[in-house]
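> I'd like to go over a predicted model; first the sequence, then the structure.
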Amino acid sequence: MVDTQAAKKPVRHGPLLPPRARQLVLTVHVIAAGAWIGVDVMVAVLVVVGMTAADPAAAGLAYQALGTYVLGPMLVSALLCLATGVALGMFTRWGLVRYWWVAVKLAMNLALCAAILFALRPGMPEVAAYGQALAGGAPPAPEVVAQLVYPPAVSLTALALATWIAVAKPWGRLGRRRRPDAAGLRNPG
């Protein structure tokens, strides 16, 4: 007789984290994600201040702060979130690509990290220089400002979605195939 419970258990190909280590890694993961969201909120605030400040010096200061100080904390929190997420995937029962929700969060994190490195980072010196010029009396440049609205909007939306995915854990397992009798197919005979 075959033990059906043993057949349903997922096969682990590596060691699991001990409970205290898993709690520590999960705690760091949640803190890193929270920090990342906080940095993105700060980016949104600086962009809004830069766009709406009546005083050009205040707008310039907001853009200087954005271009000078935001990238480091954002990248560190994003990479820490990625590293701890990969560790949780590899050394817990969830696996790295065993469940859709984990795979989607991993893909989102990789995409956002790539966006920080390859889309956001190259433009930050220009943003800081624009802020300095604006504070010095240069006329506003709407094309620079328009580009700054999208990063916090996209990132905050993606991070909110990732948070919901982590809580809801939707979609089930990757590659799971239903047996014909479980799919509701009838035996013709």
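That came in fine, so what should we check first? Numbers count the residues shown, from 1 in each chain.
> can you name the element that comes right after the longest helix along the chain?
Counting by DSSP state H, the longest helix found in the chain is helix 19-52. Downstream of helix 19-52, the first helix or strand assigned by DSSP states H and E is helix 56-69.
> helix, strand, or coil at Arg93?
Recorded secondary structure, Arg93: coil (DSSP: H, G, I helix; E, B strand; the rest coil).
> any idea how far Arg173 is from it?
For Arg93, the distance to Arg173 (CB to CB, to the nearest Å) stands at 12 Å. Heads up, the C-betas are built off the backbone N, CA and C, glycines and all.
> same question for Val127.
43 Å.
> which of the two has more neighbours?
Between Val127 and Arg173, Val127 has the larger neighbour count (other CB atoms under 10 Å), namely 26 against 13.
> got a list of what the more buried one touches?
63, 66-67, 144, 148 (CB atoms under 8 Å, 6 or more residues apart in numbering).
> and which of those residues is nearest Val43?
Val43 lies nearest to Leu66 out of those, by CB to CB, at 6.5 Å.
> how close does that closest one get to Val145?
11 Å.
> what residues are shared contacts of those two?
Common neighbours of Leu66 and Val145 (CB under 8 Å, 6+ apart) are 47, 50.
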